[in-house]
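Participant: predicted structure and sequence below. I'll ask about it afterward.
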Amino acid sequence: MLKTGILPGDWLILVAGLGLVGMLFLHQAGSLEGRVIIRQNGQIHAEASLRLNRIIEVPGPLGMSRIEIREGRVRIAADPSPRQLCVKQGWIPPGGAAVCLPNRISVENAAAGYDSLNY
Amino acid sequence: MTPSTIELPVTAQDRRVAALAAAAIGLTLAEAAIPLPIPGVKPGLANIVTLLVLYRYGWRMAAWVSLLRILAGALTLGYFLTPAFMLSVSGGLMSLLMLAWAVHLPRRWFGPVGLSVLAAFAHISAQLAVVDFWLMPGGSLMHLMPLFLGAAWLTGLSNGLITTHLLTHTAWAPDTPPLDNA
């Protein structure tokens, strides 16, 4: 005789399926959001999500550079370079980058979504 | 009228397949008339028929009904042999394979709802794979995977619930043990 309703195995499948979908959503959200790529001397020093507010300190030949991620934006908050060009640049637009040449640090705002360049 | 020289013997089972496939085609056509917000996401009501047939008459009949429905649905809606048809066939085949395996799960624990969700996942996975490897290689459809899988979960659940209801509260309710290898 056929059992009625949602059986225990069905619940298992439903929960596992929902978990899979949820995990994919979370994974997707992470990869679709903009990412910040910080390079020191050409090497990738750190990668961070634009969604998480944080301050990253990167050591360079002149001293510490402080990179600030706040509310989906990123900027170089402080840098020991003499002319402060990268700090004056302010918030880095999506797809843009700021370079502190004397301290050999670059910060890239890897744009979310697509444009004709990175598609 | 000249009598046909070829006599095709029609068994009762052939008639049954035809009738069930016709019901499934009807659902496919009715569904095509429903406007849907996202292209590629539809409820797949015809799969209720596939599941009913699976439980009542076994996998072979279900495969017949499902594939005939895909063929005739494509002919009537005019997408026979187009990419959409390939998607339909790949999804149909994969969910039938999944069901071929899933009917052997213990009946005490797994019912139409579980099978429906599994088949829906198999269906959309095959379609996404075909799109990714063949129709739009390198395209970014994989970004939409959570959305499609979520939709499959929902439609699988609702179709499974409808199937359960029909199997228990209507003439589809089997008096005999449900799966006879027809």
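Facilitator: Ah, there it is.

Participant: can you give me the buried ones in the helix of greatest length in chain A?
Facilitator: Taking DSSP state H as the criterion, chain A has its longest helix at helix A:8-32. Across helix A:8-32, burial judged by 16 or more other C-beta atoms under 10 Å in any protein chain shown covers A:Gly9, A:Asp10, A:Ile13, A:Leu14, A:Gly17, A:Leu18, A:Val21, A:Leu24, A:Gln28. C-beta here means a position set from N, CA and C on the backbone, and glycine is covered the same way.

Participant: show me where chain A has strands.
Facilitator: Secondary structure of chain A (DSSP state E): strands located at A:35-40, A:43-49, A:54-59, A:64-70, A:73-78, A:97-100, A:105-110.

Participant: in the second one, what's buried?
Facilitator: Neighbour-count burial for strand A:43-49 flags A:His45, A:Ala48 (criterion: 16+ other C-beta under 10 Å).

Participant: average model confidence for it?
Facilitator: Averaging pLDDT along strand A:43-49 gives 86.

Participant: and the first one, by the same measure?
Facilitator: Looking at strand A:35-40 alone, the average pLDDT works out to 88.

Participant: and if you look at the last one?
Facilitator: Averaging pLDDT along strand A:105-110 yields 88.

Participant: do the third one as well
Facilitator: When the per-residue pLDDT values of strand A:54-59 are averaged, the result is 91.

Participant: residues of that strand that come out buried?
Facilitator: Residues A:Ile56, A:Val58 are the ones in strand A:54-59 that count as buried (16+ other C-beta under 10 Å).

Participant: what sits opposite the closest residue to A:His45 other than its chain neighbours in the beta ladder?
Facilitator: In space, A:His45 comes closest to A:Ile38 once its chain neighbours are excluded; the distance is 4.8 Å by C-beta to C-beta, 6 or more residues apart in numbering or on different chains. As for beta bridges, A:Ile38 partners with A:Ala46, A:Val107 under DSSP bridges.

Participant: tell me where chain B is predicted with low confidence.
Facilitator: For chain B, the stretches with pLDDT under 70 are B:138-140, B:174-182.

Participant: spell out which parts of it neighbour chain A.
Facilitator: Within chain B, the residues that sit near chain A (C-beta under 8 Å from any C-beta of the partner chain) are B:55, B:105-111, B:113-114, B:117-118, B:121, B:140, B:143, B:145-146, B:149-150, B:153, B:156-157, B:160-161, B:164, B:167-168, B:173-174, B:177-178.

Participant: tell me who's in contact with residue 16.
Facilitator: Let's take chain A. With contact set as C-beta atoms under 8 Å, 6 or more residues apart in numbering or on different chains, A:Ala16 has no partners.

Participant: other chain: chain B
Facilitator: B:Tyr57, B:Met61.

Participant: picking that back up, hmm, the residue nearest to A:His45 is touching A:Asn103, no?
Facilitator: No - A:Ile38 is beyond contact range of A:Asn103, at 11.8 Å (criterion: C-beta atoms under 8 Å).

Participant: coming back round to it: residues in contact with the residue nearest to A:His45?
Facilitator: Contacts of A:Ile38 by C-beta under 8 Å, 6+ apart are A:Ile44, A:His45, A:Ala46, A:Glu47, A:Ala48, A:Ile56, A:Val58, A:Ile67, A:Ile105, A:Ser106, A:Val107, A:Glu108.

Participant: for chain B, state which of those is nearest.
Facilitator: Nearest to chain B among these is A:Glu47, at 19.2 Å by C-beta to the nearest C-beta.

Participant: is that closest one in contact with A:Ile56, as I believe?
Facilitator: No - counting by C-beta under 8 Å, A:Glu47 does not reach A:Ile56; the two are 10.1 Å apart.

Participant: and the helix ranked longest in chain B, what does it pack against?
Facilitator: Using DSSP H, we find that the single longest helix of chain B is helix B:145-169. If you count contacts as 3 or more C-beta pairs under 8 Å, 6 or more residues apart in numbering or on different chains; DSSP states H and E, helix B:145-169 packs onto helix A:8-32, helix B:46-57, helix B:112-130.
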